[in-house]
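A.B. asks: Sequence plus the predicted model coming up.
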Amino acid sequence: VAKRGGRADYQFAMAAMNDASLERLQLESSLRHALDHDSLRLEYQPLVELATGRIVGIEALCRWDDPLRGAIPPNVFIPLAEESGMIEQLGGWVLQTAARQLQALHEAGHDNLFVAVNLSARQFQRGVVLAQVEDALVRSGIPPNKLELELTESVLLHDGEAVMSTLRQLKALGVKLSIDDFGTGYSSFAYLRRFKFDKIKIDQSFVRDLIDDPDNAAIVRGIISLALSLGLDVLAEGVETEAIAQRLRHLHCTFAQGYYFARPLRPEMLAERLGG
Ligand code: C2E
Ligand code: MG
Ligand code: MG
Ligand code: MG
């Protein structure tokens with residue numbers, strides 16, 4: 001088709017391509033444009049200590065407002081970035097931006113705050129992530145222990161020697177490592193034995209029905225006591241009501257995150273919320 005290159009041939013090719021893959025190509029090129037023109041941004045969701053309600057950290061969450069389509073959720077564009085090879089560039093940008101914005105908050109007097117950054121499995125595969133993390137630390141000047149990296153179980157699924165070695169090197173830099181969405185993968189417990197993480201984040205699907213569903217309550221209780229007996233921090237995601245926060249305090253869960261405490265906030269709103 002491309003060889004003859006006539007207009008009719010082109011139209012034929014476009015018609016043959018199904019709508020979904022066409023839309024996908026367009027989305028991919030818009031994302032590339034956004035990345036190259038620095039028009040992605042980060043929001044930060046407060047992470048609180050349950051006993052006191054104090055904000056101890058923030059999670060960086062990437063946002064993309066496409067001029068034509070409006071806000072596109074990360075559950076759509078992160079997988080797209082992974083599949084199209086843009087995730088390394090995107091991930092590097094997120095690390096740099098989050099570290100720089102945390103440094104500004106430290107300078108404003110919030111010097112105990114840490115920032116958590118999500119890493120996807122693809123960022124691990126070629127080992128570039130190590131250099132990116134080092135670079136973000138050096139350029140921003142934040143202490144390494146104020147950077148936490150959130151890994152999902154999909155990273156750990158390829159639990160080959162390469163991934164383990166990268167995890168050990170990250171740990172040696174002094175950054176913190178947490179397991180995100182804990183409980184949703186299918187061999188969660190194996191990782192706890194293979195590598196010393198700092199924190200477990202209990203997936204929101206278990207937390208949401210904590211009050212009404214006895215099975216979820218049992219799972220949450222189990223994960224909390226597992227974490228505490230391994231000497232790990234534990235955070236519950238997706239806390240939307242006071243009743244759930246109360247129940248989690250009762251179960252000795254240390255940290256929480258969710259709309260009940262705060263939604264993800266733009267940097268200006270976060271600074272306002274932190275006060276000072
Ligand atoms: P995650 O890391 O598990 O982040 C938590 C998600 O839950 C966020 O969705 C947040 O807005 C949402 N959330 C927080 N509290 C509540 C609540 O009380 N109720 C409900 N229903 N939801 C709540 P968001 O921002 O849409 O991000 C979705 C996922 O996209 C993230 O899940 C993470 O896996 C991924 N993601 C976001 N930013 C990045 C990034 O910079 N890099 C990578 N690799 N992944 C990212
Ligand atoms: Mg996360
Ligand atoms: Mg999560
Ligand atoms: Mg999630």
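C.D. replies: Cool, got the structure. Ligands and ions are numbered 1, 2, ... in the order given.
A.B. asks: which bits of this protein sit near ligand 3?
C.D. replies: Applying Cβ under 5 Å from the ion, we find that the chain lies next to ligand 3 at D180, D181, E237. All C-beta atoms are positioned from the backbone trio N, CA, C, and that covers glycine.
A.B. asks: try it again with 8 Å
C.D. replies: Within the chain, the positions near ligand 3 by Cβ under 8 Å from the ion are N118, E150, T152, D180, D181, K201, D203, Q204, E237.
A.B. asks: Would you format the residues you listed as JSON lines with distance to H250, secondary structure and pLDDT included?
C.D. replies: Putting the residues of the chain next to ligand 3 into JSON lines (distance: Cβ to Cβ, whole Å; DSSP: H, G, I helix; E, B strand; the rest coil; pLDDT from 0 to 100) gives the following:
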{"residue": "N118", "distance to H250": "29", "secondary structure": "strand", "pLDDT": "97"}
{"residue": "E150", "distance to H250": "26", "secondary structure": "strand", "pLDDT": "97"}
{"residue": "T152", "distance to H250": "28", "secondary structure": "coil", "pLDDT": "87"}
{"residue": "D180", "distance to H250": "24", "secondary structure": "strand", "pLDDT": "94"}
{"residue": "D181", "distance to H250": "23", "secondary structure": "strand", "pLDDT": "93"}
{"residue": "K201", "distance to H250": "19", "secondary structure": "strand", "pLDDT": "96"}
{"residue": "D203", "distance to H250": "20", "secondary structure": "coil", "pLDDT": "96"}
{"residue": "Q204", "distance to H250": "19", "secondary structure": "helix", "pLDDT": "96"}
{"residue": "E237", "distance to H250": "18", "secondary structure": "coil", "pLDDT": "98"}
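A.B. asks: Out of these, give me the one that has the most neighbours.
C.D. replies: For the residues of the chain next to ligand 3, the largest neighbour count, defined by other Cβ atoms under 10 Å, is 27 neighbours, found at K201.
A.B. asks: What's the mean pLDDT across the longest helix belonging to the chain?
C.D. replies: The longest helix of the chain (DSSP state H) is helix 87-107. The predicted model assigns helix 87-107 a mean pLDDT of 97.
A.B. asks: So L156 belongs to a strand, correct?
C.D. replies: No. Applying DSSP: H, G, I helix; E, B strand; the rest coil, one finds L156 to be helix, outside a strand.
A.B. asks: hang on, it packs against M164?
C.D. replies: No. Counting by Cβ atoms under 8 Å, L156 does not reach M164; the two are 9.3 Å apart.
A.B. asks: Please say which of these two ends up with more neighbours.
C.D. replies: Neighbour count, other Cβ under 10 Å: between L156 and M164, L156 has more, with 23 against 14.
A.B. asks: Quick one: residues contacting the nearest residue to the more buried one once chain neighbours are set aside.
C.D. replies: Distance criterion Cβ to Cβ, 6 or more residues apart in numbering; nearest residue to L156, sequence neighbours excluded, is Y191 at 4.6 Å. Going by Cβ atoms under 8 Å, 6 or more residues apart in numbering, Y191 touches E153, L156, D159, I179, F197.
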